[in-house]
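In: Below are the sequence and a predicted model; questions follow.
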2 protein chains.
Amino acid sequence: MTDKLTGAAGREYVANTIRQALRSGDLVPGQRLVELDLAESYGATRGAVREALQDLAAEDIVEIVPRRGARIRAVSVEEAVQITECRSALEQLCARKAATRADEEQRAELRLIGVDMRQAVADGAWDTYSALNQRLHELVIEASGQEVARRQLERLNGPMVRFQFRLALRPGRPAQSLPQHLAIIDAVAGGDPDAAARAAAAHLDDVIEQLKSSAAQTAAP
Amino acid sequence: MTDKLTGAAGREYVANTIRQALRSGDLVPGQRLVELDLAESYGATRGAVREALQDLAAEDIVEIVPRRGARIRAVSVEEAVQITECRSALEQLCARKAATRADEEQRAELRLIGVDMRQAVADGAWDTYSALNQRLHELVIEASGQEVARRQLERLNGPMVRFQFRLALRPGRPAQSLPQHLAIIDAVAGGDPDAAARAAAAHLDDVIEQLKSSAAQTAAP
DNA sequence: ATCAACGAGATTGTTGACAAGATGTTCCGA
DNA sequence: TCGGAACATCTTGTCAACAATCTCGTTGAT
């Protein structure tokens, strides 16, 4: 039997495990997170769990109400729209800077992602497409050199996993987003800052539309 | 003698007091924050202080290195520029939305702030001008209804207080920023979203210029 | 004079037990 | 049957002491 995880190590481990569980759907919004339960199932001390929950609360992933414990925070559609608007503002900034600052290696990887994305959509390889999508956004942010924006965007994504999940499942979604992603790639790799910002904005405006229509769909009886 | 502040109450009190001390210059970047010292001088328990420091670390105001304690984080000019770029992106979003969503009361207060600002600059009332400036930014964000952006902007401002301080002191600064502020007011109150975003961007681009030139000034021998 | 090893004191990290609040259950009276 | 008072249980919050680690000044050898 291994020792209990404690302090910094356990804190990070517990937080990561909960984030993971949220992505995989093992934890659903509203679910209670009892300190002792988590401590036992993850083999950590209660102290480590408490600290991990504080971290997750700072990321707006869980909600802690005094004397009543922590639960996974539910994100309303309205809030998801606002989060995506902020993402749009920050990703426009990153795309614009990336267009001028990216080095040749980064531009080459961007173009390669474009090629692979076309292929993935043609093949119906949704998992591959999703991974490429994520790498594309990462790479644009990385190439921009905007560390502050990178941290902000990471934070914004935390509570959104559930929505991204629902959206990616919609039929025909990859075919719709592919040209938008290609436009971002062309503009950034081609070194056109204004076009890059416009392409990023167009893409995220479309995500917002999807979110809103998913709200209407959910509300229907 | 009152009881020691404990838990949630003490935590918030200590965090606020440190934020305040930073604004007023009582704490300088790099300064160590020893838990027991803070506990005694603020009349709180060490536990409350620890939690407050965690909160401040989540806001990037202090830096905690394991086993070595917390210190006020220093913000480089480069990072200040990046922070301001993010502020620019988010405030453009808010200004744009505020231009269409502000109600009549809010537009009236905006116009009033414009009048008062002119007067403050004419009178050389720098404190008044600074307060109006802060209220202007608050009001635009409030009128936008963008709660997520509001929280992000709050976070971004935390580590910046020192720089704002240095900037506001530069001679002729209010006269320079006044027309920019008036342009924001006109566009938002007048209901022109694109002009509002442009005005906000122009204002923050100018702040970035000031930051960069202040770097050059500091570097000079 | 420089440097490494050492140790005392200072400071943070961790633990386990207890206090206190919230939640759920039972049981009594109307 | 319903309402609610009293009780039992679950869960989080707090504390004080202890353990682990770091800092810094001292000493002694080269």
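Out: Structure received. Numbering: from 1, shown residues only, chains lettered A, B, ... in the order given.
In: alpha carbons only for contacts and neighbour counts from here, please
Out: Fine.
In: which residues does residue A:128 contact?
Out: With contacts defined as CA atoms under 8 Å, 6 or more residues apart in numbering or on different chains, residue A:128 is in contact with residue A:120.
In: buried stuff in whichever strand or helix holds it?
Out: Using DSSP states H and E, residue A:128 sits within helix A:126-144. Under the neighbour-count criterion of 16 or more other CA atoms under 10 Å in any protein chain shown, helix A:126-144 has A:126, A:128-129, A:132-133, A:136-137, A:139-144 buried.
In: now swap in stretch A:77-84 and tell me
Out: Going by 16+ other CA under 10 Å, stretch A:77-84 has these buried residues: A:77, A:79-84.
In: ok so, going back, select, from the buried residues of helix A:126-144, the two members most distant in space.
Out: A:126 and A:144 (27.3 Å; CA to CA).
In: was I right about residue A:211 contacting residue A:82?
Out: No - contact criterion CA atoms under 8 Å: residue A:211 and residue A:82 do not qualify, at 10.6 Å.
In: Check which element follows the lowest-mean-pLDDT helix or strand in chain A along the chain.
Out: For chain A, using mean pLDDT, DSSP states H and E, the weakest element among its helices and strands is helix A:161-168, scoring a mean of 82. Per DSSP H and E, the first helix or strand lying C-terminal to helix A:161-168 is helix A:173-190.
In: for that following helix, what is the average pLDDT?
Out: Helix A:173-190 carries an average pLDDT of 97.
In: How about stretch A:72-89?
Out: Over the span of stretch A:72-89, the pLDDT mean works out to 96.
In: ditto for stretch A:118-130
Out: Rounded mean pLDDT across stretch A:118-130 is 95.
In: what do you get for stretch A:59-66?
Out: Mean predicted lDDT for stretch A:59-66 stands at 96.
In: Would you mind listing the outside residues contacting it?
Out: In contact with stretch A:59-66 (CA under 8 Å, 6+ apart) are residues A:53-54, A:56-57, A:70-73, A:155, A:158-159.
In: surely residue A:45 meets residue A:3?
Out: No - the pair residue A:45 / residue A:3 is not scored as a contact, 9.9 Å apart, by CA under 8 Å.
In: So for the two, which residue has more residues nearby?
Out: Counted by other CA atoms under 10 Å in any protein chain shown, residue A:45 and residue A:3 do not tie: residue A:45 has more neighbours, with 20 against 8.
In: for the more buried one, what are its contacts?
Out: So residue A:45 contacts A:4-6, A:10, A:39 (CA under 8 Å, 6+ apart).
In: Give me the phi and psi for residue A:169.
Out: Torsion angles at residue A:169 (phi, psi; degrees, to the nearest 10) stand at phi -80, psi -20.
In: How about residue A:171?
Out: phi -60, psi 140.
In: That one - how many residues pack around it?
Out: By other CA under 10 Å, neighbour count at residue A:171 equals 9.
In: From residue A:177, how far out is it?
Out: Distance of residue A:171 to residue A:177, computed by CA to CA, to the nearest Å: 12 Å.
In: likewise residue A:210?
Out: For residue A:210, the distance to residue A:177 - CA to CA - is 11 Å.
In: quick check, nearest of the buried residues of helix A:126-144 to DNA strand D?
Out: Here the nearest of these to DNA strand D, counting by CA to the nearest atom of the strand, is residue A:142; it sits at 31.7 Å.
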